[in-house]
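**Q** sequence first, then the predicted structure, then my questions.
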Amino acid sequence: MTNIAPRSLNGPPKSSIWERRLWGLRFLFQPLETIEARSQAYGDDYRVSQPDATPALVYCSSPEALEAIFTAKPEQLSAGRGNQILKELLGEHGIVLLEGAVHQRQRQLLMPPFHGDRMRSYAQVIQSITAEVISAWKVGATFAVRPAMQSISLQVILQAVFGLEGGQRYEQLRQTLSQMLDGFGSPLGAMFLFYPFLQKDWGAWSPWGRFLRLRQQVDDLLYAEIADRRNQSDTGRTDILALLMAARDAKGQPMSDGELRDELVTLLFAGHETTASALAWALYWIVSLPHVQTKLLAEINALGSDADPIAIARLPYLQAVCQETLRLYPIALSAFPRIVKQPMNVAGYGLEPGTVLMPSIYLAHHRESVYPEPKQFRPERFLERQYSPYEYLPFGGGDRRCIGAAFALFEMKLVLYGFISSLEMTLADSRPIRPTRRGITVAPSDRLRIRVTGLRPAGSKSVIPALSAYPIN
Ligand code: HEM
């Protein structure tokens with residue numbers, strides 16, 4: 001075996017604490033510009049921390065480094081520990097904070113409901129919720145896109161998790177969750193997640209105090225639902241909460257109420273915030289780029305009326321539009337941080353235990369050698385070639401890869417199909433929309449509003465009976 005001396009990582013020179021704080025703030029307010037400026041200066045894989053700092057913080061976007069990270073063994077890298085920033089929001093027992101065998105078991109439990117036939121059974125729910133929202137979009141009126149998409153994706157995930165169909169508790173949960181997450185919906189709000197010293201309860205009107213009170217309300221609603229379920233003898237339910245409650249660990253023990261609560265919040269949060277932002281971006285690109293809209297409409301019209309959801313999900317151009325949407329502005333700029341547990345070599349760099357690795361989805365998706373003209377929205381690139389999981393990774397990778405990837409894409413396609421086939425739309429404001437920070441993700445700014453200019457003749461066919469007509473269990 002030849003011994004090649006490990007390369008050392010490039011990165012910024014030693015700087016004062018104030019310069020570092022300034023970079024920190026810049027990253028909060030202008031995340032894309034900040035990581036791009038660093039990558040231009042230091043390359044695909046670079047160190048962010050001080051030259052001699054331990055632990056080192058390293059951004060990775062070369063396919064070699066991403067492959068090494070996503071194929072590493074659990075004894076080499078830890079992911080749960082790096083997600084502490086999410087603990088206040090999701091609790092310590094949610095899947096994203098778990099490690100090792102417990103994490104693997106939880107994944108095996110949660111994957112099936114988001115794949116295959118179970119996932120397809122949500123098609124009617126997705127389409128009927130979409131139709132309800134569309135029916136409120138009247139010709140001549142203007143709508144804020146992200147909140148509308150959030151309302152759809154939140155209702156869909158609530159149905160998947162609880163199998164609920166309306167009702168007071170469902171409605172309260174929907175409203176309280178939205179309010180809680182909206183608190184982190186701006187760079188200023190996101191500071192409370194990134195800077196723990198700001199997490200002080202100064203009363204109900206202070207940002208953190210408000211968050212804590214809303215979180216308590218969400219918890220109360222979830223615990224009430226769990227208690228009701230424990231008292232029910234109905235074992236025929238197939239929703240995700242029923243699945244979690246039936247699960248037993250290696251010692252035959254069920255999940256505690258606290259564990260159930262953390263898993264539910266994780267799924268509700270991870271399962272709708274991201275999809276809502278992705279949908280808002282997709283609609284933005286389709287409405288603002290006439291050639292994309294024309295091509296998409298041609299594909300949709302060729303499918304004929306009463307299209308089957310599976311046929312919609314297989315439309316190649318629609319698929320390419322969704323892929324390109326998630327490439328250009330990936331909702332999560334990075335996959336979860338991975339922490340090195342034992343000395344390891346990543347793309348020729350020797351890394352010490354404790355090193356924090358950020359697999360940068362955004363930078364990987366903007367490498368010019370892989371994606372010519374990376375700032376252009378060009379779905380065709382996904383029809384022309386295939387990308388490796390280390391070049392295209394909107395859902396992360398390895399043993400942490402998003403469990404809702406297939407579900408999210410399915411939902412995106414059905415919702416977009418509903419809007420495009422029913423409505424003629426235009427942007428209310430022709431200025432380009434920039435990504436803005438929303439908690440740990442980025443989303444289109446609130447300026448994204450769409451005006452309905454007309455109804456498409458085909459629209460009538462996509463209006464589906466009210467939600468209550470589709471029992472999901
Ligand atoms: C467009 C929508 C979505 C995007 C862009 C997205 C993106 C991601 C990313 C980047 C990760 C981290 C993966 C890693 O570190 O390697 C992740 C993890 C996760 N996602 Fe998603 N996601 C989306 C939708 C969903 C949906 C619909 C669900 C439904 C439940 C979901 C549930 C999760 C869970 C539970 C994890 C943690 C997995 C683990 O720790 O093992 N996501 N997602």
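**A** Perfect, I can see it now.
**Q** which SS class is whichever residue of the stretch 251-400 of the chain sits closest to the ligand?
**A** Residue nearest to the ligand within the stretch 251-400 of the chain: residue 396 (2.2 Å; C-beta to the nearest ligand atom). C-beta here means a position set from N, CA and C on the backbone, and glycine is covered the same way. Put simply, residue 396 is coil when judged by DSSP: H, G, I helix; E, B strand; the rest coil.
**Q** report the longest strand in this structure, please.
**A** strand 449-455 (DSSP state E).
**Q** helices or strands up against it?
**A** strand 142-144, strand 423-427 (3 or more C-beta pairs under 8 Å, 6 or more residues apart in numbering; DSSP states H and E).
**Q** let me know which of the ones you listed is tucked in deepest.
**A** Of all the helices and strands packed on strand 449-455, strand 423-427 has the most neighbours on average by mean count of other C-beta atoms under 10 Å, namely a mean of 17.
**Q** so what strands line up beside that strand?
**A** In the sheet, strand 423-427 lines up against strand 449-455 (antiparallel) (DSSP bridges).
**Q** now the strand it pairs with: average pLDDT?
**A** The average pLDDT within strand 449-455 is 96.
**Q** now do that strand: everything it contacts.
**A** Residues from elsewhere that reach strand 449-455 (C-beta atoms under 8 Å, 6 or more residues apart in numbering): 137-145, 283, 287, 422-429.
**Q** what subset of those residues is also close to the ligand?
**A** Among those, no residue sits close to the ligand (C-beta under 6 Å from any ligand atom).
**Q** just the terminal-to-terminal distance for stretch 135-151.
**A** 14 Å (C-alpha to C-alpha, to the nearest Å).
**Q** and it, what's buried?
**A** 137, 143, 145, 146, 148, 149, 150, 151 (16 or more other C-beta atoms under 10 Å).
**Q** which residues are in contact with the residue of the stretch 101-250 of the chain found nearest the ligand?
**A** Proximity of the stretch 101-250 of the chain to the ligand (C-beta to the nearest ligand atom) peaks at residue 107, 5.2 Å away. Residues in contact with residue 107 (C-beta under 8 Å, 6+ apart) are 95, 399, 403.
**Q** can you check residue 142 too?
**A** 428, 449, 450, 451, 452.
**Q** next, find the distance separating it from residue 446.
**A** 13 Å (C-beta to C-beta, to the nearest Å).
**Q** just to revisit the earlier point, could you dump the contacts of residue 107 into JSON lines with pLDDT, secondary structure and neighbour count added?
**A** Below are the contacts of residue 107 laid out as JSON lines (pLDDT from 0 to 100; DSSP: H, G, I helix; E, B strand; the rest coil; neighbours: other C-beta atoms under 10 Å):
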{"residue": "95", "pLDDT": "91", "secondary structure": "helix", "neighbour count": "22"}
{"residue": "399", "pLDDT": "91", "secondary structure": "helix", "neighbour count": "15"}
{"residue": "403", "pLDDT": "93", "secondary structure": "coil", "neighbour count": "21"}
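**Q** which residue, other than its chain neighbours, is closest to residue 176?
**A** Spatial nearest neighbour of residue 176, excluding adjacent residues (C-beta to C-beta, 6 or more residues apart in numbering): residue 217 at 4.8 Å.
**Q** ok now stretch 293-306, how far from the chain's centre?
**A** Centroid separation for stretch 293-306 versus its chain: 28 Å, with C-alpha atoms, centre = their mean, to the nearest Å.
**Q** need the contact partners of it.
**A** With C-beta under 8 Å, 6+ apart, stretch 293-306 has contacts from 286-287, 307, 311-312, 315-318, 321, 417, 420-421, 458, 461.
**Q** quick one: average confidence on it?
**A** Stretch 293-306 comes out at a mean pLDDT of 91.
**Q** which parts of stretch 281-296 are buried?
**A** Residues of stretch 281-296 classed as buried by neighbour count (16+ other C-beta under 10 Å): 281-289, 292-293, 295-296.
**Q** same thing with stretch 80-92?
**A** By neighbour count with 16+ other C-beta under 10 Å, stretch 80-92 contains the buried residues 80, 82, 83, 86, 88, 89, 90, 91.
**Q** keep only those residues that also lie close to the ligand.
**A** Okay, of the buried residues of stretch 80-92, nothing touches the ligand (C-beta under 6 Å from any ligand atom).
**Q** sort out for me which of the residues you listed are in helices.
**A** 88, 89, 90 (DSSP state H).
**Q** which residues touch the second one?
**A** Looking back up the chat, that one is residue 89. Counting by C-beta under 8 Å, 6+ apart, the residues that residue 89 touches are 193, 215, 265, 269.
**Q** now for those, which pair is the farthest apart?
**A** The most widely separated members of the contacts of residue 89, counting by C-beta to C-beta, are 193 and 265 (14.6 Å).
**Q** what residue lies at the spatial centre of this protein?
**A** Centroid check for the chain by C-alpha atoms, centre = their mean gives residue 274 as the closest residue, at 3.0 Å.
**Q** what sits against that residue?
**A** Contacts of residue 274 (C-beta under 8 Å, 6+ apart): 331, 332, 404, 408, 441.
**Q** tell me which of those is nearest to residue 43?
**A** residue 332 (22.0 Å).
**Q** what score does that closest one have for pLDDT?
**A** Reported pLDDT for residue 332: 93.
**Q** where are the low-confidence patches of the stretch 1-150 of the chain?
**A** Residue ranges of the stretch 1-150 of the chain with pLDDT under 70: 1-6.
**Q** the ligand contacts on the stretch 251-400 of the chain?
**A** Counting by C-beta under 6 Å from any ligand atom, the stretch 251-400 of the chain sits next to the ligand at 266-267, 270-271, 274-275, 278, 326, 331-332, 335-336, 394-398, 400.
**Q** make that the stretch 51-200 of the chain, sorry
**A** 95, 96, 107, 114.
**Q** correct me, but the first one touches residue 259?
**A** No - using C-beta atoms under 8 Å, residue 95 makes no contact with residue 259, being 10.4 Å away.
**Q** hang on, residue 345 in a helix?
**A** No - the assignment for residue 345, made by three-state DSSP, is strand rather than a helix.
**Q** and the contacts of stretch 239-259?
**A** Under C-beta under 8 Å, 6+ apart, the answer for stretch 239-259 is 91, 93, 101-102, 105, 109-110, 113, 160-163, 223, 225-227, 229-230, 260, 263-264, 267, 472-473.
**Q** okay, buried residues for it please.
**A** 239, 240, 241, 242, 243, 244, 247, 255, 259.
**Q** now the helices for the stretch 351-473 of the chain?
**A** Secondary structure of the stretch 351-473 of the chain by DSSP state H, counting those that start in this stretch: the helices cover 361-365, 381-384, 405-422.
**Q** turn these into a markdown table, including mean pLDDT.
**A** Listed next are these as a markdown table, based on pLDDT from 0 to 100:
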| stretch | mean pLDDT |
| --- | --- |
| helix 361-365 | 98 |
| helix 381-384 | 98 |
| helix 405-422 | 95 |
